[in-house]
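J.: okay, here's the prediction I keep looking at, along with the sequence it came from:
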Amino acid sequence: MAVTIKTSEQQEKMRVAGRLAADVLDMIGDYVKPGITTGELDRICHEYITTVQDAIPAPLNYRGFPKSICTSVNHVVCHGIPGDKKLKAGDAINIDITVIKDGFHGDTSRMYFAGKPSIQAKRLSEITFESMWLGIQELAPGKHLGDIGAAVQRNVEKNRFSVVREYCGHGIGEVFHEEPQVLHYGKRGTGLELREGMTLTVEPMVNAGKANVRLMPDGWTVITKDHSLSAQWEHTCLITNDGFEVLTLSADDRQ
Ligand code: MF3
Ligand code: CO
Ligand code: CO
């Protein structure tokens with residue numbers, strides 16, 4: 001399927017879905033503590049999405065994914081499956097939430113720490129966050145996908161970390177993952193030209209060591225090949241007439 005341009009009615013539905021996804025991340029933060037299991041985090045989010053929000057957790061049964069959220073701890077790059085492992089003091093965890101409301105998807109993830117993080121984990125998370133925002137700030141009609149990738153890659157590599165190549169951001173709307181693919185590396189001025197009404201995610205995965213990843217036998221969990229730490233942040237964004245609107249801001253950052 002081709003890249004879709006959202007009408008103003010569809011854009012409003014994307015705003016609603018994006019807000020709900022961000023609300024889940026706002027809600028779950030206080031639960032991330034040593035001793036809680038990722039399965040418990042999944043159950044709390046599932047209940048909140050289905051009962052409080054009357055929305056659908058998009059990951060559940062998506063291409064066979066067994067849970068409602070993704071929880072990626074330490075050297076897990078993405079798509080970690082919640083289970084009965086307890087978080088330990090110092091663990092870094094990405095929680096990735098995608099909800100469907102009124103047929104439209106909102107997709108966002110953040111990093112959290114159980115207890116006090118290592119200096120390296122904190123720095124990796126901060127640089128990844130900054131790199132995501134540098135990518136987002138490229139979004140505007142007439143800009144190219146390569147501008148996003150170049151901005152992210154430049155900042156990551158300047159800090160001697162590495163950008164994961166095998167997974168990327170994506171168009172999003174009535175379909176969870178639609179065209180285009182949003183690479184987090186690349187060359188300015190290359191790739192698809194952005195247009196008003198496109199909605200896409202920027203979600204760099206950044207490794208402290210080498211960029212290489214490995215898929216675990218469960219078919220989902222992606223880890224760093226060298227077992228180095230990995231971090232990720234994600235927002236869903238709309239291209240507006242003169243730039244962008246981030247649809248998945250935390251309630252604290254919305255006015
Ligand atoms: N939320 C992820 C993304 O940012 C996709 C998760 S797919 C799942 O695109 F099946 F693992 F949930
Ligand atoms: Co995404
Ligand atoms: Co996501």
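T.: Done, it's in. Ligands and ions are numbered 1, 2, ... in the order given.
J.: what residues does the chain have near ligand 3?
T.: 96, 107, 109, 234 (Cβ under 5 Å from the ion). Glycine gets a C-beta too; all of them are placed from N, C-alpha and C.
J.: now, these that are in strands?
T.: 96, 107, 109 (DSSP state E).
J.: hey, what's the second one bridged with?
T.: It stands for Asp107. Thr98 (DSSP bridges).
J.: gap between stretch 37-54 and the chain center?
T.: Centroid separation between stretch 37-54 and its chain, computed with Cα atoms, centre = their mean, to the nearest Å, is 18 Å.
J.: go on, stretch 183-197?
T.: 18 Å.
J.: same deal with stretch 33-50?
T.: With Cα atoms, centre = their mean as the basis, stretch 33-50 stands 18 Å off its chain's centre.
J.: where's the nearest residue in space to Ile36 that is not next to it in sequence relative to Leu20, distance?
T.: Excluding the flanking residues, the one nearest Ile36 by Cβ to Cβ, 6 or more residues apart in numbering is Leu87, at 5.7 Å. For Leu87, the distance to Leu20 (Cβ to Cβ, to the nearest Å) stands at 25 Å.
J.: who has more neighbours out of the two?
T.: Leu87 (25 against 22; other Cβ atoms under 10 Å).
J.: got the contact list for the more buried one?
T.: 32-38, 73, 93, 114 (Cβ atoms under 8 Å, 6 or more residues apart in numbering).
J.: which one among the residues you listed gets closest to Asp226?
T.: Distance to Asp226 across those (Cβ to Cβ) is lowest for Val73, with 16.4 Å.
J.: CA atoms of stretch 38-52 as CSV?
T.: Written as CSV, here are the backbone C-alpha positions of stretch 38-52 (Å, rounded to 0.1, in the frame of the first residue of the first chain):
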residue,chain,number,x,y,z
THR,A,38,7.4,-7.1,33.0
GLY,A,39,4.3,-9.3,32.9
GLU,A,40,2.7,-7.2,35.7
LEU,A,41,3.5,-4.0,33.7
ASP,A,42,1.7,-5.6,30.7
ARG,A,43,-1.3,-6.6,32.8
ILE,A,44,-1.6,-3.0,34.3
CYS,A,45,-1.4,-1.4,30.8
HIS,A,46,-3.8,-3.9,29.3
GLU,A,47,-6.4,-3.2,31.9
TYR,A,48,-6.0,0.6,31.6
ILE,A,49,-6.2,0.5,27.8
THR,A,50,-9.2,-1.8,27.6
THR,A,51,-11.3,-0.5,30.6
VAL,A,52,-10.3,3.1,31.3
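J.: among the ones in strands among the residues of the chain next to ligand 3, which ones are buried?
T.: Restricting these to buried positions leaves 96, 107, 109, with burial counted as 16 or more other Cβ atoms under 10 Å.
J.: check contacts around the first one.
T.: When you say that, I think you mean Asp96. Contacts of Asp96 by Cβ under 8 Å, 6+ apart are 59, 69-72, 78, 107-109, 232, 234.
J.: can you rerun that using 10 Å?
T.: Asp96 makes contact with 21, 25, 59, 69-72, 78-80, 107-110, 203, 232-234 under the criterion Cβ atoms under 10 Å, 6 or more residues apart in numbering.
J.: distance check, it against ligand 1.
T.: Noted for Asp96: a distance of 4 Å to ligand 1, by Cβ to the nearest ligand atom, to the nearest Å.
J.: check the last one too.
T.: In this structure, Ser109 lies at 6 Å from ligand 1, with Cβ to the nearest ligand atom as the measure.
J.: swap in His184?
T.: His184 is 12 Å from ligand 1, by Cβ to the nearest ligand atom.
J.: count the neighbours of that residue for me.
T.: Count around His184 with other Cβ under 10 Å applied: 27.
J.: show me what from this protein comes close to ligand 1.
T.: The chain comes close to ligand 1 at residues 59, 62-63, 65, 70, 79, 96, 98, 107, 203, 220, 234, as judged by Cβ under 6 Å from any ligand atom.
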